[in-house]
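S.K.: quick one, fold the following:
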Amino acid sequence: MNVSDILKQKNMTKYKLSKISGVSFTTISEITTGKSKIKNCTGDTLYRLAKALDVTIEDLLADSIEYSVLQSIDVEKQSKDILMDFDKIYPGKLKSESIDSILEQAKQKRKKRTINFLKCP
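M.R.: Predicted structure coming up:
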């Protein structure tokens with residue numbers, strides 16, 4: 001659920017959220033219009049918004065996290081397709097266990113990036 005949805009659900013204006021949270025009206029407007037991404041906010045801003053809206057930080061980031069997960073699944077499938085095509089064009093250059101190894105290394109890197117993304121600064 002994004003901030004705009006939460007505001008509607010709680011029948012709260014951006015102005016009121018700004019006053020309660022201490023987060024500038026401009027920042028809240030940019031988040032709700034999509035000009036700024038919630039995942040790029042500081043930990044302090046996320047905390048203040050979550051507390052004022054009576055939700056968790058995870059609730060605020062849910063859409064960003066969901067998109068990242070879906071995107072990484074798509075990237076993994078595309079990567080495997082590319083490696084399989086390469087193997088067809090250049091038989092013997094890649095072994096099937098090396099394809100799996102390459103994909104696993106990429107998956108681990110994505111997992112690390114996701115964990116770092118979730119850590120508050």
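
S.K.: could you use CA atoms for every contact and neighbour count after this?
M.R.: OK.

S.K.: how about the contacts made by residue 22?
M.R.: Shown in contact with residue 22 (Cα atoms under 8 Å, 6 or more residues apart in numbering): residue 48.

S.K.: how many residues are close by residue 88?
M.R.: Residue 88 sits with 12 neighbouring residues when counted by other Cα atoms under 10 Å.

S.K.: if I look at it, how far off is residue 105?
M.R.: Using Cα to Cα, to the nearest Å, one obtains 22 Å as the distance from residue 88 to residue 105.

S.K.: with residue 15 instead?
M.R.: For residue 15, the distance to residue 105 - Cα to Cα - is 46 Å.

S.K.: neighbour count for these two, which is higher?
M.R.: A count of neighbours by other Cα under 10 Å puts residue 15 above the other of residue 15 and residue 105, at 15 against 12.

S.K.: which stretches of the protein have low pLDDT?
M.R.: Applying pLDDT under 70 to the chain flags the ranges 65-83, 85-86, 90, 93-100, 102-103, 106-107, 109-121.

S.K.: okay, domains of it per the record?
M.R.: 3-60, 62-118 (automatic domain parsing).

S.K.: and the longest one, how far apart are its ends?
M.R.: End-to-end distance of domain 3-60 (Cα to Cα): 7 Å.

S.K.: the helices in this structure, which residues?
M.R.: Secondary structure of the chain (DSSP state H): helices located at 3-9, 14-21, 25-33, 43-53, 57-89, 96-118.

S.K.: and residue 44, how many residues sit next to it?
M.R.: Neighbour count of residue 44, defined by other Cα under 10 Å: 12.
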